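Participant: give the three-dimensional model of this entry:
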Amino acid sequence: MSTPIETAGRGDLTAVANVLAEALVDDPVYADILAPGGDRFVALRRFLTAYLRSTPPSRLAVDLVRDETGAVLGAAVWERSEVGRDSALLAQIPYAVRFLVALGPRGVLRAYRVQHALERFRPVEPHWYLMTCGVRTDAQGAGVGGDLLRYRLRQLDDEGSAAYLESTTSDDRRLFDALGFVPGAMIQGLPTARPTAMFRTPARRARRSG
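Facilitator: Sure, this is the predicted structure:
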């Protein structure tokens, strides 16, 4: 049975940020954004909360799964890019105070440098960008992440929309490859992380007769 997926509401965003921060605290790209030392989970949670609450809702799609108690178990965050390499940070300038509180002035500069390096490799055509996907540690390995991604990709196939992401680990790349993403260049210009750019053209869906 497939995992029940639902769209996150504004009231879910704090819980989504908590789950994603727990799942991604050791991700190398986020490590390049966060200040060395300190509580990385807290810093990442603040950053993700600022991102989720600052990105215009028209650009954002957040899918989530709940456990039997109703708590968020996992989530996938997608951002729509209509004009190619349009900067997410530029779109969020009106909300810069939230990022300053979350990261501090030096952290905002680190985030800008990382974002700039990543965007150099993003496709110029319109696409949906997988900003992040994560599952609570007690549920990892049960296929929840794959269910979340397949849910959104089916919708993108129906729309004829492309998808793009950066993969940071070999395990992730195997999953994304199975979902139809094609690996491209290794992204250069980050302090330590070397993610792989991956692009997916919309799959052709069989036309329903009748």
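
Participant: shaky segments in the chain?
Facilitator: 1-3, 83-102, 205-210 (pLDDT under 70).

Participant: which stretch of helix or strand covers residue 199?
Facilitator: strand 196-200 (DSSP states H and E).

Participant: so what does whichever helix in the chain runs longest touch, helix or strand wise?
Facilitator: The helix that spans the most residues within the chain, counting by DSSP state H, is helix 96-119. On a contact count with 3 or more Cβ pairs under 8 Å, 6 or more residues apart in numbering; DSSP states H and E, helix 96-119 meets helix 28-33, helix 40-54, helix 88-91. The way it works is simple: take the backbone N, C-alpha and C, and place the C-beta from them, glycine included.

Participant: what's the closest of those to residue 179?
Facilitator: Of all the helices and strands packed on helix 96-119, helix 28-33 sits nearest to residue 179, with 19.6 Å by Cβ to Cβ.

Participant: if we can go back for a sec, redo the helices and strands packed on helix 96-119 as CSV? Include distance to residue 140 and mean neighbour count.
Facilitator: Below are those laid out as CSV (distance: least, Cβ to Cβ, whole Å; neighbours: other Cβ atoms under 10 Å):
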stretch, distance to residue 140, mean neighbour count
helix 28-33, 17, 19
helix 40-54, 16, 20
helix 88-91, 27, 15
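
Participant: that older thread, chain center to the longest helix of the chain: distance?
Facilitator: Taking Cα atoms, centre = their mean, to the nearest Å, the mean C-alpha location of helix 96-119 is offset from the chain mean by 16 Å.

Participant: now the angle from the helix or strand following that helix to strand 196-200?
Facilitator: Heading C-terminal from helix 96-119, the first helix or strand you meet, by DSSP H and E, is strand 127-135. Orientation check (axes from the mean of the first three to the mean of the last three Cα atoms, to 10 degrees): strand 127-135 against strand 196-200 gives 120 degrees.

Participant: immediately after strand 127-135, which helix or strand?
Facilitator: helix 144-159.

Participant: give me the element residue 23 is part of.
Facilitator: helix 13-24.

Participant: alpha carbons only: can I get stretch 161-178 in PDB?
Facilitator: C-alpha atoms of stretch 161-178 as PDB (Å, rounded to 0.1, in the frame of the first residue of the first chain):
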ATOM      1  CA  SER A 161       7.100  19.600 -16.100                       C
ATOM      2  CA  ALA A 162      10.800  18.900 -15.700                       C
ATOM      3  CA  ALA A 163      12.500  18.400 -12.400                       C
ATOM      4  CA  TYR A 164      15.900  19.100 -11.100                       C
ATOM      5  CA  LEU A 165      17.900  18.400  -7.900                       C
ATOM      6  CA  GLU A 166      21.400  18.100  -6.500                       C
ATOM      7  CA  SER A 167      22.400  14.700  -5.100                       C
ATOM      8  CA  THR A 168      25.000  14.600  -2.300                       C
ATOM      9  CA  THR A 169      25.400  10.800  -1.700                       C
ATOM     10  CA  SER A 170      25.800   7.700  -3.800                       C
ATOM     11  CA  ASP A 171      22.700   6.100  -2.100                       C
ATOM     12  CA  ASP A 172      20.600   9.200  -3.100                       C
ATOM     13  CA  ARG A 173      21.900   9.000  -6.600                       C
ATOM     14  CA  ARG A 174      20.800   5.400  -7.000                       C
ATOM     15  CA  LEU A 175      17.300   6.300  -5.800                       C
ATOM     16  CA  PHE A 176      17.100   9.400  -8.100                       C
ATOM     17  CA  ASP A 177      18.400   7.300 -11.000                       C
ATOM     18  CA  ALA A 178      15.600   4.800 -10.500                       C
END
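
Participant: lovely, talk soon.
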